[in-house]
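K.L.:
Provide a 3D model corresponding to the input given below.
(one chain, ligands or ions: 1)
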Amino acid sequence: MNEKISLFKENGKRIDDRAPDELRPIKIKVGVLSNAQGSAYIEQGKNKILAAVYGPKEALPKHISLPDRCILRCRYHMAPFSTPERKSPAPSRREIELSMIIRNALESLVMTSLFPRTVIDIFIEVLQADGGTRCAGLTAAVLALADAGIPLRGLTAACAVGKADGKVIVDLNDLEDKYGEADMPIAYNPTLDGITLLQMDGIMSKEEIEQALSLAITATQKIHKIQVEALKDRFSVTKREV
Ligand code: ADP
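P.N.:
Presented below is the predicted three-dimensional model:
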């Protein structure tokens, strides 16, 4: 167990001066890579993450293809320079698991039945990590899919909620993730009014979980608005900038 550190200041603010229900500043740019079919870059606090999409393209080898729909493949990866200590570039168990849960969260979003026998590759590359990278990576991946022109059922946005120093908080940074009492990443699609990712690490009471869920829906709705603005910016220019 980690040693205890105080995650709230005397003025009731968090260590990075946020209110309990406040998101970190978010900047998103869509269409940042010229070689990928779709791409997006997100900064959420100190997180810096790129997402790229290729496809739909013929699923090869053929035995992996499905006759009635497209397959999604996802790779979530943290660059060796994304953490204070160099991280091994080899995919860890954590990265393999996160790749799977992000792919599962995107399954209901993509209209896969429109593209039988094909595959869509989604890459999420964390350039700098500070807590909540699976959520920010997913938020960016959704925009990379939209940028690639892939038909989607709305836009999914993701954000972690959790608990630190006995209070329910939104969008945990690395210290809050490590030293807080609970971390609950959530992906929510306002169009489908559905949660497509929900994990939990730590302990919260039933009431705290209900409060956290409600804060997560509000937070993801705010992120959804930023996603929509980023897409509008992307398509208001006639050609890619790179
Ligand atoms: P998430 O980034 O989705 O919150 P975790 O809860 O597993 O995923 O990780 C929390 C944070 O811990 C990451 O955002 C990152 O800042 C840090 N972290 C994760 N893996 C490593 C690692 N191998 N080395 C150093 N820091 C890491």
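K.L.:
interface residues of this protein facing the ligand?
P.N.:
Residues of the chain that fall close to the ligand, judged by CB under 6 Å from any ligand atom: 83, 87, 94, 129-134, 174, 177, 183, 185. Every C-beta, even on glycine, is put in place using the N, C-alpha and C of the backbone.
K.L.:
how about 5 Å then?
P.N.:
Among all residues of the chain, those adjacent to the ligand (criterion: CB under 5 Å from any ligand atom) are Thr83, Lys87, Ala129, Gly131, Gly132, Thr133, Arg134, Asp174, Asp177.
K.L.:
what's the burial count for the last one?
P.N.:
Just to be clear, that refers to Asp177. With neighbours defined by other CB atoms under 10 Å, the count for Asp177 comes to 20.
K.L.:
and it, what pLDDT?
P.N.:
Here, the pLDDT recorded for Asp177 equals 97.
K.L.:
that one contacts Pro185, correct?
P.N.:
No - the pair Asp177 and Pro185 does not pass the contact test of CB atoms under 8 Å, sitting 9.8 Å apart.
K.L.:
and for these two, which residues touch both?
P.N.:
Taking CB atoms under 8 Å, 6 or more residues apart in numbering as the contact rule, Asp177 and Pro185 both touch Gly132, Ala160.
K.L.:
ChimeraX command for the buried members of the residues of the chain next to the ligand?
P.N.:
To isolate the buried members of those in ChimeraX, using 16 or more other CB atoms under 10 Å:
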select :87,129,131,132,133,134,174,177
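K.L.:
now, the most widely separated pair of the residues of the chain next to the ligand?
P.N.:
Farthest apart among the residues of the chain next to the ligand by CB to CB are Lys87 and Gly132. That separation is 16.8 Å.
K.L.:
quick one: low-confidence parts of the protein?
P.N.:
Applying pLDDT under 70 to the chain picks out residues 1-3, 237-242.
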